[in-house]
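Trainee: turn this into a model:
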Amino acid sequence: MSIAVNEKLVTWIEEKVKSEYADDISLALLYGSFVNGTANSRSDIDCYFIPRTERGYRLAGTFMIAGVGYDIFPMDWERVRNIANLEEGLLPLVGDVKVLYSASEEDLGRFRGLQVQMKDNLADKQKSQTAA
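Mentor: Purely as a prediction, here's the structure:
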């Protein structure tokens, strides 16, 4: 997949959230190779969102573009907190992300706080060894 197509898809996601789900999504986030600079011509984009309402879950989807699979999936605040607490091994979903959309400064602050919490947990040798 060309990087240009992925950039268009990121713009589409951003615009879709803002125009159709602004009241229903707390945050939309990118992670993975597109964010960390390791994307190549076969890379997809990795995107998840934190819904605010039941309607927000409708943003979720799985689709193919030129033979590359994509999915946009929901994660609730509790699961994001579990990742920050090293209870799940999905650390890049909290630690290495680009925020595409934030419904409020409060939501963004809550997420940034979880990023700090995860960093602190990783710095705690005993906690990180226990999680490993």
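Trainee: R79 falls within a helix, correct?
Mentor: Yes. With DSSP: H, G, I helix; E, B strand; the rest coil as the criterion, R79 is part of a helix.
Trainee: what about it, distance to E87?
Mentor: 9 Å (Cβ to Cβ, to the nearest Å). C-beta: built from backbone N, CA, C; applies to glycine.
Trainee: between these two, who's got more neighbours?
Mentor: Neighbour count, other Cβ atoms under 10 Å: between R79 and E87, R79 has more, with 17 against 12.
Trainee: excluding its backbone neighbours, what's nearest the more buried one?
Mentor: The shortest distance from R79 to any non-neighbouring residue, by Cβ to Cβ, 6 or more residues apart in numbering, is to E88 (7.1 Å).
Trainee: hang on, that neighbour in a strand?
Mentor: No. Under three-state DSSP, E88 sits outside any strand and is assigned coil.
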